[in-house]
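[1] pasting the sequence and the predicted model now:
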Amino acid sequence: MLQKSEQTPYPTIKIYFLNIFRHCILLPVFVFFSTLAFAQPISFSGTVIDGHTKEPVAYASVYFARSGVGKSTDSAGNFSFTLNNFKDDTLKVSFIGFEIYKIPITHLQNNQTLNIQLERGTAKGEVIIKAKWNRGLFLWKKIMSKKKQYNRYDLGNFSYEAYNKLEIDIKNFNTDKAKRNFLLKNFTFIFDNMDSTSEAAPFLPAYLIESLSDYAYQKNPKKFYENIKASQTKGFNNESFSKLLGVMNQNVSIYSNFVNVMDKDFISPFNDNADAYYIFTVPDTQVVNGAKQYHFVFRPKRAGQNTFEGDAWVTEKTFQIRKISMYLGKEANINFIDRISVFQEYIPINDSVIFLNRDKFFADFRVLGKNSLTLIGRKTTSYKDIVINSDSLTNTFKEQRIEEVVKTEKSVVKNSDSAWANLRHDTLSKNEKAIYTTIDKLMEMPKFQKLQTNLKFLVGGYRNIGKLEIGPWFNWVSADTVQGTRLRFDLGTNKKLFKNIYLHGYLAYGFRDKRFKGQAEAFWILQREPKRVRLHLSYQNDVDNGISQVGEVSQDNIFSLAIRKPNITRKFINVKDIRFEVFNELGKGFSTEWFVSHRHYTSLLNLPPDSFFTANKGTPLTNFEVALKLRFAYLERFIETDYNRFSIGTKYPVVELMLAKGIAGVFNSAYNYSKISLTVKDFMKISPYGTVSYKVYGGKIFGAMPFTNLENHPGNDLYYYNRNAFNLMNRFQYLSDQYAGANVEHNVGSGLFRFIPITRKLKWRQFYTVKALWGSLSNENDAINTYAVIPYQKVGFKTLNDKTYVEVGTGIDNIFKVFRLDFVWRLSPSSSYAGSGSKFGVFGSFQLQF
């Protein structure tokens, strides 16, 4: 047994040593082949671009966090690596003004291409070093010394062909919910165009507009010319909108003192006093095509100011800006904008002149919260056939008599797809082609047409039914003391019936006074271009909600029920008005409008009746009037609809002169009189101190007559703030036959609110208002009107008697981005003269503004 037991260990020892021998042989073999596998060289490349503008980020740092291997992108944002011993690592990309981009790389395929998008922000741990010698400020001063030479608007003249393209995309779009939405369930094919690759978040291309223009400029005397040769969009063809898309309204000049963004002026980094608003640095230099370029970086000195941050590449010695990217800071006081980017690229025309070659303007519009639906607007412009300081341009401008001329070709929206292929400076991307295909398909779908009609009716108030139009719906129901509940229904024609003739009328009924009221009118546009000519004929018999004033909220409106002032003696009068008007544009900003009207007034409540007044001939409170309005609005711009056009302003003051003559004895008219009035108004930008709007006016009335033909200074019976009225004055409170007044409003912008963190974050805005009025009444008119008291109602009129009526106000604008709160004080006259009306009031109003 012992012998047998002593022999058992030997086989085990043998196997143990055999295993050791086997591992000793196999392990080096395994390591050898494994090393061969990992040691094979692996190559990959990539492109680094700005996540908003999609422009390449030149000279960004690209490196591996673990190994430290790295390099810079080239001038086109490209980089490449060849790694002999690649191990799992994290690739980092950094560039000043952007957040650090990180991507773990574990399984890298050979020859793989990476597309990296950097987002604006500050890298954690980024340190700004202050030096005794400010290299950035020195470079800025050098750039400014060449500002006049390189600013294209300081050239004698120039011209080019410009191609504009505006794309609108939808981001933060939940496709699963949208497909289940009962409004969109029939249009799910639009989600086939979702782009999930070219943005950090998927987006839906939704809209595209293109235009092609010839543009020219002359410095002295200053003149602009633009001919819009072609414009294209799907589902919306409007010539006035094509004009707004043209170059004239889209220019961004970085060398200007202010850059206009969404109709707000922002301080340019090359403003003459930009060093008071910006910090400048030069973190890097590079050699591009044999020329040294400085990397010039700028950022705001203080939060809350309307400034940019960004960078530019500037050539050595000549100090020409070759590329520039500008971004609005997150605390810039602008509404509904999540981010804005401006990119421009310049090319040399000769040794001493550079000119704009490409221009990009990107904006993200977000109405609600951070993750709400976002619209991305991408406008790109390219320029070619550039001509500078040309004698032929000088000769051409000699024939141009006014400062600005914008023309559109008759066939501006009639080019075929094949024609556009030749007109474009570049080709459409996949997304852009998909937009045209999608919109074409949508516009042909009856269900989409119905949805579009319903949305227009809800927002705009009007609805087309065949060749007729109904609305606005918000005037269908209202109420007041005289009429009780009032119902109204409007009916008009649309362009399917007549292209240049618009017929409209409404019928209203009050359940308390049991009376029908209404209006019938006709517009006939004899000529649209180049000088508009229009006729208007109207008959109206209705309660007048205000004499000689235009209210921002009509009394005949369902929303006015909730905002009327309490304890106000409301006054009502009925007017029967027949009128004929002729409007004629004369050119160069001048226009005339002739009026012939016959009016008869009937007092309804709390106003003297016609029996109180005497007349030598005719019927009291009846007049026949011929009037002429002369208007000057130089370079005024309009948005035009089927029959109407709406002014979007001019950069010059608007002057209006009104002359009127009343004639007794015509259709029972009772009064001979003459009227003259003059109004001057303007809206001015006084950057960086905000905007100022003013209106100065005055007038005189000759003749003896009742209150209906005098100047009834506009009061306000609502708690809704009225810019055109005196908000602490009641309607029909003061009469004048000679008067003068001024309204001034200064919108400061952030003002004092930018120094308080919470109000700066809320983007509140500050403003001041002053309204002043001087008025008097002749002894004859004073005797007729101010003692006109209805015995049992104790109602009369007042005159200012050469006293000054003054209201001042201030308040908070941009509350929740749409609400404005006005605090208004009446400084004079005193309560002993003005009566029991309040000397202080709080008013609200709504407005959408950027």
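    That came in fine, so what should we check first?
[2] what packs against the strand or helix carrying residue 294?
    Residue 294 belongs to strand 291-300 when assigned by DSSP states H and E. Counting contacts by 3 or more CB pairs under 8 Å, 6 or more residues apart in numbering; DSSP states H and E, strand 291-300 packs against helix 135-145, strand 278-288, strand 308-315. Where you see a C-beta, it was placed from the backbone N, CA and C, and this is true even at glycine.
[3] any buried residues in it, and which?
    Going by neighbour count (16 or more other CB atoms under 10 Å), the buried part of strand 291-300 is 293-300.
[4] just checking: what are the partner strands of that strand?
    Strand pairing for strand 291-300, determined by DSSP bridges: strand 278-288 (antiparallel), strand 308-315 (antiparallel).
[5] among those strands, which is the most enclosed?
    Mean neighbour count (mean count of other CB atoms under 10 Å) peaks for strand 308-315 among those, with a mean of 23.
[6] what does that one contact?
    Residues outside strand 308-315 that contact it (CB atoms under 8 Å, 6 or more residues apart in numbering): 58, 96-97, 120, 139, 143, 259, 266-269, 286, 288, 291-300, 320-329, 342.
[7] could the helices and strands packed on strand 291-300 go into JSON lines alongside mean pLDDT and distance to residue 608?
    As requested, these are arranged in JSON lines below (pLDDT from 0 to 100; distance: least, CB to CB, whole Å):
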{"stretch": "helix 135-145", "mean pLDDT": "92", "distance to residue 608": "69"}
{"stretch": "strand 278-288", "mean pLDDT": "88", "distance to residue 608": "65"}
{"stretch": "strand 308-315", "mean pLDDT": "91", "distance to residue 608": "62"}
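[8] can you state the direction angle for the strand holding residue 294 and helix 135-145?
    Per axes from the mean of the first three to the mean of the last three CA atoms, to 10 degrees, the angle that strand 291-300 makes with helix 135-145 is 100 degrees.
[9] name the residues that touch strand 291-300?
    By CB under 8 Å, 6+ apart, strand 291-300 touches 59, 96-97, 136, 139-140, 143, 269, 274, 277-287, 307-316, 322, 329.
[10] same thing with stretch 813-833?
    Contacts with stretch 813-833, where a contact means CB under 8 Å, 6+ apart, come from 333, 335-336, 721, 727-728, 747, 762-767, 769, 800, 803-812, 834, 837-849.
[11] taking the mean pLDDT, what do you get for it?
    Across stretch 813-833, the average pLDDT comes to 89.
[12] check which residues of it are buried.
    813-814, 820, 822, 824, 826, 829.
[13] which of those sit farthest apart?
    Farthest-apart pair in the buried residues of stretch 813-833 is 814 and 829; separation 33.2 Å (CB to CB).
[14] hmm, residue 95 is touching residue 51, no?
    No: between residue 95 and residue 51 there is no contact under CB atoms under 8 Å: 11.7 Å.
[15] out of these two, which sits in the busier spot?
    When neighbours are counted by other CB atoms under 10 Å, residue 95 and residue 51 differ, and residue 95 comes out ahead with 25 against 19.
[16] now the more buried one, nearest residue through space, not along the chain?
    Leaving out its chain neighbours, the residue that sits closest to residue 95 by CB to CB, 6 or more residues apart in numbering is residue 60, at 4.0 Å.
[17] please apply the same query to residue 585.
    Residue 585 sits nearest to residue 531 (CB to CB, 6+ apart), 4.0 Å away.
[18] name the helix or strand for the one you found, please.
    Applying DSSP H and E, one finds residue 531 in no helix or strand.
[19] begin at 14 from here
    I'll keep to 14 as the first residue from here, and by that count the last item is residue 544.
[20] report the contact partners of it.
    Contacts of residue 544 (CB under 8 Å, 6+ apart): 597-600.
[21] in helices only, show me those.
    Per DSSP state H, helices hold no members of the contacts of residue 544.
[22] restricted to buried residues, select those residues in ChimeraX.
    To isolate the buried members of these in ChimeraX, using 16+ other CB under 10 Å:
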select :597,598
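[23] buried ones in stretch 546-555?
    The neighbour-count check on stretch 546-555 (16+ other CB under 10 Å) flags 547, 549, 551, 553-555 as buried.
[24] how about those in CSV, adding distance to residue 164?
    What follows is the buried residues of stretch 546-555, written out as CSV (distance: CB to CB, whole Å):
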residue, distance to residue 164
547, 42
549, 47
551, 52
553, 55
554, 60
555, 57
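[25] show me which of the residues you listed is closest to residue 695.
    Of these, the one sitting nearest to residue 695 (CB to CB) turns out to be residue 547, at 25.4 Å.
[26] contact partners for that closest one?
    Shown in contact with residue 547 (CB under 8 Å, 6+ apart): 536-539, 595-596.
[27] same check, this time on residue 861
    Taking CB under 8 Å, 6+ apart, we find residue 861 in contact with residue 831.
[28] I appreciate the help and will end here.
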